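1. coords please:
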Amino acid sequence: MLGGYAENPGTLSSFLSRKLERKWAEPTYQSIMYLKYNTNAEGEPADVGLLSSGPSLTFLDGLQSAIYIGAVLEAVRMLRERRSEDGDVPFMLCCAVMAGFACYLLWEAKSVHILPFVTLMTPLAAAGYAWAFTNVPNTRSHRR
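-> This is a model prediction of the structure:
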């Protein structure tokens, strides 16, 4: 398998891009699919109509993008200005997410397996946005 990728690197890039698209860019993390298998107290299948509607999926896609972008901002901040008052928790969260990303990039996984790492990214995203918003210059005060 690896020999085939060495002979044709385009195959590897195609495989990795499809894997990222199917695993890390699926905004429901297969939760709607698994919810369809459940029944309510009366034994009827779960109603997933609203959850799988266009507006819901658009919201979840935007939320997913916001978490990913914020987490990347925090990772950049950590690389640029590692401070002792940050403590080890943000750094360990970032390491856990990167380890999960590397593991599931190579290992076969469903997008539901990515959900714990997205949960770990949420506080990183909040810290990343807080850093970005406090360090972006206020352009309004300069226009007069």
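2. Hmm, A109 is touching R22, no?
-> No: if you go by CB atoms under 8 Å, A109 and R22 don't touch, sitting 9.7 Å apart. The C-beta positions use only the backbone N, C-alpha and C, and glycine is treated the same way.
3. When these two are compared, which one has more neighbours?
-> Neighbour comparison, A109 and R22: the larger count goes to A109, with 16 against 12 (by other CB atoms under 10 Å).
4. measure the closest residue to that one other than its chain neighbours to F59 for me?
-> With sequence-adjacent residues excluded and distances taken as CB to CB, 6 or more residues apart in numbering, A109 is closest to K23, at 6.0 Å. K23 sits 20 Å away from F59, going by CB to CB, to the nearest Å.
5. Same check on E81?
-> For E81 relative to F59 (CB to CB), the value is 33 Å.
6. Look at those two and report which has more neighbours.
-> F59 (12 against 9).
7. Okay, and the more buried one sits in which element?
-> Using DSSP states H and E, F59 sits within helix 54-80.
8. So which elements touch that helix?
-> Judged by 3 or more CB pairs under 8 Å, 6 or more residues apart in numbering; DSSP states H and E, helix 54-80 is in contact with helix 89-106, helix 115-135.
9. Give me the angle between the last one and helix 89-106.
-> Spelled out, it's helix 115-135. Angle between the axes of helix 115-135 and helix 89-106 is 130 degrees (criterion: axes from the mean of the first three to the mean of the last three CA atoms, to 10 degrees).
10. Give me the buried positions along helix 115-135.
-> 117-118, 120-121, 124-125, 127-129, 131 (16 or more other CB atoms under 10 Å).
11. what do you get for the first one?
-> Applying a neighbour-count criterion of 16+ other CB under 10 Å, the buried positions in helix 89-106 are 90, 93-94, 97, 100-101, 104.
12. could you point out where the protein is predicted with low confidence?
-> For the chain, the stretches with pLDDT under 70 are 1-2, 83-87, 138-144.
13. make it 50
-> Scanning the chain for pLDDT under 50 picks out the ranges 144.
14. about what we covered before: between the buried residues of helix 89-106, which is nearest S31?
-> When these are ranked by distance to S31 (CB to CB), Y104 comes first, at 17.0 Å.
15. Verify the stated contact: that closest one with L16.
-> No: using CB under 8 Å, Y104 makes no contact with L16, being 11.5 Å away.
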